[in-house]
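**Student:** Sharing a sequence plus its predicted fold:
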Amino acid sequence: MPSTMEELTRLPGVGRKTANVILGYAFDVPAIVVDTHCRRLSRRLGLTKNEDPNKIENELRRLLPAEEWLGFSHRLIIHGRRICQAQKPKSEECMVNDLCPSSRVSSNRTL
Ligand code: SF4
């Protein structure tokens, strides 16, 4: 199994998302996995305005220390599956609804 982004993305059917999963989980290399959940939540949370997964990956890399990359993207994926779903985010149940600019819960918080 190749162990670099360049080698992995040369394999048929392997893009950056899959390569980052392999690098992060098989080789313990700092990696950000931008799937549909990570992409949606990064936008909803105001971490990016980009649509392109590669640009989102680069923005998250700049925002976070490398040791947090894999865990952070994995937490966004889990949160997106369970709470911040695409069609109907459960903002009332969300533990970051007081911080999220896309929250559907009214807040008295002043910025
Ligand atoms: S507050 Fe709502 S939109 Fe924001 S992350 Fe939570 S579930 Fe998603």
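**Tutor:** On my side now, so go ahead.
**Student:** Give me every residue in the protein that's in contact range of the ligand.
**Tutor:** 44-45, 83-84, 89-91, 94, 96-97, 100, 102-104 (Cβ under 6 Å from any ligand atom). C-beta here means a position set from N, CA and C on the backbone, and glycine is covered the same way.
**Student:** okay, the residue nearest to residue 25 when sequence neighbours are not counted: pLDDT?
**Tutor:** Leaving aside its sequence neighbours, residue 25 sits nearest to residue 70 (Cβ to Cβ, 6 or more residues apart in numbering; 7.6 Å). For residue 70, the pLDDT comes out at 98.
**Student:** Please spell out the PyMOL selection for the buried subset of the residues of the chain next to the ligand.
**Tutor:** Those of those that count as buried under 16 or more other Cβ atoms under 10 Å are selected in PyMOL with:
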select buried, resi 44+45+83+84+89+91+94+97+100+103
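**Student:** quick one: which of the residues of the chain next to the ligand is nearest to residue 5?
**Tutor:** Nearest to residue 5 among these is residue 45, at 25.5 Å by Cβ to Cβ.
**Student:** Spatially nearest residue to the closest one (excluding sequence neighbours)?
**Tutor:** Closest to residue 45 by Cβ to Cβ, 6+ apart is residue 100, at 5.7 Å.
**Student:** This completes my enquiry, with thanks.
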